[in-house]
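K.L.:
Sequence first, predicted model second:
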Amino acid sequence: MAARSEQDLNAPSRLTLRLLGVVAAFTFLPWLGGKVACNDPLGRVRAPFELTSDVLARSAKSAGLELQQRASSYRYREAAELASGELQSELLAAAALCDAAPGSCESRRARSASIVTRAVLVTAVAGEARVRAESRLDQQLERVTLKLRQTGDRWSVIGRAPFEGELEQPLTAAETAAGPARPAAETAAGP
Amino acid sequence: MHDSNLLSAVLATFQGPFDWMFDNFLFHSWPGAFFARNNWESFTNGVAIGLSLITSALLLLEQRARRLGVKVPERQQRRIGILLTAVGFLLYFDFFNPNTRYIDYYHRHELYHYYLGSKYSGELGYKRLYACTAIAEVEHGRAAHIRTLPIRDLATDNLLVPTTETYVFKDPDQCKRHFSPERWQAFMSDVAWFEQSARGSYWDKMRTDHGYNPPPVWSMTGKLFASIAPPSDAFFKLLASIDVLLQLGSLLVLGWGFGWRVMTLAAVFLGCNLPANSFFTIGAFLRQDWLFFFTAAVCLARKRYFALAGAALAWSSLLRIFPIITFAGVGLIIGFYWLRHRSFHGDHLRFIAGSLAAGLLLVGASAAVTGIEAYPEFISHIRAHRSTPLTNNVGLEMILAHDWTGRMAFTVDDRLDDDMSPWMSYYTERSRAMRPLMLAMSLGVFAWMAWALSRIKRLWIGIILSIPLLMSLLSLTCYYYAFFLAPAALTLLVPALGPAYVALAAGSLVLSRFYWIDDEYTAVSYLFYAFGLSMLYSVSRPLRLDAIKAWWLRRSVAR
């Protein structure tokens, strides 16, 4: 048989090579992307992203934790977004005091990244919840108990009172009775 | 009593020679480090990539040998083909190594949803499975534990919420009023069995999935099987083995319809691809019935059993809904014929009649079994489910909705009850914003499909060439990409497609190296979508400007 050129032979055909090329390209390029970019941040600490108050308000624990973090950082206006009723008014009043004399508030706000807050959901029954939270800044420790109410899919904090004890302990009678109040530590240190 | 007699009869069929296989080989750990899960998975991954690339290379060699006039005996080719088929099929099941699968093979999580969901479909509907399970557990004395657990709220927004926020404790009658006292006792007993067999965090997380979602036609057959016997290891092994037979059946029916070559390519694809691998569906209960009917529809159409082909496609569509899109290709072929002849072809009429008859029969029978209200409830439930994006979805929507900012890497937040909710919100917003583009692209794909099918008369090609449209319109969970078995048949029409088709499986496995699931399935979406369009490209006549001009001139002269 006479020797045939590759062009005559046409095997693999151009179409075969094109189709293989598509599969190879759509395998190799994403694989490369994964290698150099998508999988790369695994070695680094991920920066926490901002969550809106609306998203945080969907769960009692998140709402309570975030309000405590904001209030303890003297970001009262932002804390008020997660509160309602008398507590909201109190927080807005505190925000107004901060606006009038920003010095001490600004210095506290500057350190907000160092304030570490954790929270525990104690009860959540029939649209009412209790959350305990503690905020720590250096050696200062503030523990509060928060009362929350659900409206639609949104939780808001309606009461905030100081709490002595461990976060994980069972609900106390005092907590059940406690109404809206501001922690003493905050009154002393804040505006 | 009747149930247990039937179960005994069914189990009796597996006595004797099967004892060794079932009790010793398939369900006891294989000894040795090589067979340990991690080592074995690395091995099977390597085998899968190798198998698909070798098959691709063999196809290239075969095509070249044919052009060179070198004759390879058909018998030898068939032997190689059958060997590759067997390896591909076994590879899908990790060669049935028990170390890589669930204890006793069956998937408890799946069986919990599908066995209980179908057996009590009348009482649970689509929204009460998790809540009723929690209530049954509370009645079993586990209230204190249940209070601490989250639950997916299927009745409202499909988000994870503390169980205390649902009606489980406030108003359990919202569930119980749907049960008769006897049925509630039976349900309690079944839940207790599942709790004992899956105790621990596995069981606790069972109620955080996305509920029971199959259409009423599936519920009908599911209920038929699930009602045979109460839960037990032996019975669930049998239920789980149905899928193995259905998958084998899908391959064999392709062999019957298109010959051993197509069966081999489909088996290699099944065993080697990533999205439709066994990870999510192995050991499940009737998860592959739609696939069997889908492949059967393609094969029956090729064998000219048009009424049965229509019936099979209708059945597949009623089992999982999405195959209904593949009627589009058939519709185009029928439509083009009608435009040319102003009448319907007999084959087309048979296909339509088969589809309609099966559709009416199945909808009627399922409504009788599950209740007519099951249909509106299913539609409302599936709407809610459709609006809940999943990270392992594959399709055009995933391609368009996924961007750098919204990646799981940046949006998962462990501080939330549902840590995925920011990802879901971002995805939903972005897919909504991208909808016009998605629809425009789908329209483009439909036009391309019409162009490709305008000169094609064979209905089975219409079913297969609808796949790119299916990928454009719907974002499907990865395991439904088993419908990619059907394009193996297209290699009969376009042999050039064969090597790329099996290489596609290897390519998808390479993409499993992504760390974040959404990244991985977006990459898989790109790959499969590109291949889907390549299928259209390979079948279409070239669209050249001079050809369009000539067609336009002819049209003007005719006027």
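P.N.:
Right, received. Where do you want to start?
K.L.:
For chain A, just list every one of the helices.
P.N.:
Per DSSP state H, chain A carries helices over the ranges A:6-9, A:14-33, A:53-56, A:60-72, A:76-80, A:85-100, A:102-110, A:173-177, A:184-189.
K.L.:
Same list, those helices, but as CSV with mean pLDDT and mean neighbour count please.
P.N.:
Glycine gets a C-beta too; all of them are placed from N, C-alpha and C. As requested, those are arranged in CSV below (pLDDT from 0 to 100; neighbours: other CB atoms under 10 Å in any protein chain shown):
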stretch, mean pLDDT, mean neighbour count
helix A:6-9, 81, 9
helix A:14-33, 95, 17
helix A:53-56, 87, 17
helix A:60-72, 94, 26
helix A:76-80, 94, 21
helix A:85-100, 94, 17
helix A:102-110, 89, 14
helix A:173-177, 68, 12
helix A:184-189, 41, 13
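K.L.:
I'd like these as a markdown table, with distance to B:S278 appended.
P.N.:
Below are these laid out as a markdown table (distance: least, CB to CB, whole Å):
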| stretch | distance to B:S278 |
| --- | --- |
| helix A:6-9 | 40 |
| helix A:14-33 | 21 |
| helix A:53-56 | 36 |
| helix A:60-72 | 37 |
| helix A:76-80 | 49 |
| helix A:85-100 | 54 |
| helix A:102-110 | 54 |
| helix A:173-177 | 51 |
| helix A:184-189 | 57 |
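K.L.:
Tell me which of those sits nearest to B:S380.
P.N.:
Taking CB to CB, helix A:53-56 is the member of the helices of chain A nearest to B:S380, at 25.5 Å.
K.L.:
Could I get the helices of chain A in JSON lines, plus columns for distance to chain B?
P.N.:
Output for the helices of chain A, formatted as JSON lines (distance: least, CB to the nearest CB, whole Å):
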{"stretch": "helix A:6-9", "distance to chain B": "5"}
{"stretch": "helix A:14-33", "distance to chain B": "3"}
{"stretch": "helix A:53-56", "distance to chain B": "7"}
{"stretch": "helix A:60-72", "distance to chain B": "6"}
{"stretch": "helix A:76-80", "distance to chain B": "16"}
{"stretch": "helix A:85-100", "distance to chain B": "21"}
{"stretch": "helix A:102-110", "distance to chain B": "21"}
{"stretch": "helix A:173-177", "distance to chain B": "16"}
{"stretch": "helix A:184-189", "distance to chain B": "23"}
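K.L.:
Quick check, pLDDT for the most centrally placed residue in chain A.
P.N.:
Residue closest to the average C-alpha location in chain A (CA atoms, centre = their mean): A:L51, at 5.6 Å. Model confidence at A:L51, given as pLDDT, is 78.
K.L.:
I'd guessed it sits against B:V412; true?
P.N.:
No - contact criterion CB atoms under 8 Å: A:L51 and B:V412 do not qualify, at 11.9 Å.
K.L.:
where does the stretch 351-500 of chain B have low pLDDT?
P.N.:
Residue ranges of the stretch 351-500 of chain B with pLDDT under 70: B:415, B:417.
K.L.:
residues in it within reach of chain A, list them.
P.N.:
B:407, B:409-411, B:413, B:415-417, B:421-422, B:425, B:494, B:496-497, B:499-500 (CB under 8 Å from any CB of the partner chain).
K.L.:
Can I have the buried ones of these as a PyMOL selection?
P.N.:
In PyMOL, this line selects whichever of these come out buried by 16 or more other CB atoms under 10 Å in any protein chain shown:
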select buried, chain B and resi 407+409+410+411+413+416+417+421+422+494+496+497+499+500
